[in-house]
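Enquirer: What would the 3D arrangement of this be:
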Amino acid sequence: MPIASPFRLLTLCGLTLAASSLATPSLAHPHVWVTTKAEIAYGEGGRVTGIRHAWSFDASYSAFVTQGLDANKDGKLTPDELAGLAAENTANLAEFAYFTKMKVGGKEQAFADPIEPRMVMEGDKLTLSFLLPLKTPVAQGRGVTALEVYDPTFFVSFALAEGSDAARLAGAPAGCAATVTRPKTDPGADGRSADGKTADAKPGMSEAFFEALTSASNYGLQFANRVIVACP
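Expert: Down below sits the predicted model:
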């Protein structure tokens with residue numbers, strides 16, 4: 001059964017309207033672009049405890065979704081004014097598994113409810129941050145922790161930020177190191193991949209094709225961003 005992205009459903013009027021206003025016939029998907037940063041948190045005994053996400057949305061989506069939220073009409077959006085939006089965005093992500101998969105030692109991990117949702121407006125881009133705890137902290141040992149962030153339906157394009165802070169470790173045992181793997185086909189902020197082609201340029205990739213995708217689809221996997229953590 002087709003599903004809708006949470007970024008299309010939530011907030012004042014939802015992104016069903018955004019999709020129709022932002023998309024063009026030649027570029028069916030994606031509709032929203034997100035630049036991500038991830039901090040993998042470790043606790044007592046070197047156990048992986050969760051992920052702190054920071055997702056920065058493209059300027060068009062940021063402008064659309066924050067309409068009417070400037071309560072004091074001063075032309076600036078504060079974290080307090082964005083608090084309700086942050087909480088709603090974060091809560092609605094559960095249905096979509098937070099666009100996040102994590103394996104520790106080859107075993108997929110389950111997530112508890114996210115906490116500490118926060119939004120800030122920096123320039124013309126909105127950033128959502130939240131802590132996504134594991135239901136049960138797990139020792140990594142000498143195994144590998146693998147984190148993937150992507151949307152199976154490719155309504156939302158996730159891309160890891162450039163720079164050393166794209167993937168960080170907090171409290172990790174000595175010697176642990178993170179390696180970032182980016183998709184070979186990496187849609188940029190304008191919806192084009194590195195070779196200049198639109199992300200859905202293949203024949204038959206119409207809007208109807210994407211609307212039929214579900215959370216169980218693997219189409220978006222080719223655009224997955226991966227962080228691999230190895231410890232001695």
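Enquirer: Identify all residues paired with residue 36 through a beta bridge.
Expert: residue 55, residue 160 (DSSP bridges).
Enquirer: Tell me who's in contact with it.
Expert: 53, 54, 55, 56, 149, 158, 159, 160, 161, 166, 225 (Cβ atoms under 8 Å, 6 or more residues apart in numbering). Where C-beta positions appear, they are placed from N, C-alpha and C, glycine not excepted.
Enquirer: Then residue 99?
Expert: By Cβ under 8 Å, 6+ apart, the neighbours of residue 99 are 93, 149, 150, 151, 156, 158.
Enquirer: if you look at those, which of them are in strands?
Expert: Mapping the contacts of residue 99 onto strands (DSSP state E) picks out 149, 156, 158.
Enquirer: hmm, back to that, dump the contacts of residue 36 into TSV; add neighbour count and distance to residue 122 as well.
Expert: Converted to TSV, these look like this (neighbours: other Cβ atoms under 10 Å; distance: Cβ to Cβ, whole Å):
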residue	neighbour count	distance to residue 122
53	22	16
54	18	11
55	22	12
56	20	8
149	23	20
158	24	18
159	20	17
160	20	18
161	17	13
166	20	17
225	21	21
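Enquirer: related to what we said a few turns ago, can you tell me which of the contacts of residue 99 lies nearest to residue 178?
Expert: residue 149 (13.4 Å; Cβ to Cβ).
Enquirer: Assumed residue 101 was part of a strand.
Expert: Yes - per DSSP: H, G, I helix; E, B strand; the rest coil, residue 101 lies within a strand segment.
Enquirer: what's across from it in the sheet?
Expert: With DSSP bridges as the rule, residue 101 is bridged to residue 148.
Enquirer: now the strands for this protein?
Expert: 32-42, 47-57, 100-104, 107-108, 115-122, 125-139, 144-149, 156-160, 167-170, 177-181, 225-230.
Enquirer: what's the single longest helix in this structure?
Expert: helix 83-92 (DSSP state H).
Enquirer: Can you check what angle separates that helix from strand 47-57?
Expert: For helix 83-92 against strand 47-57, the angle by axes from the mean of the first three to the mean of the last three Cα atoms, to 10 degrees is 120 degrees.
Enquirer: For the protein, name the helix or strand with the lowest mean pLDDT.
Expert: helix 15-22 (a mean of 38; mean pLDDT, DSSP states H and E).
Enquirer: I'm done for today, thanks for sticking with me.
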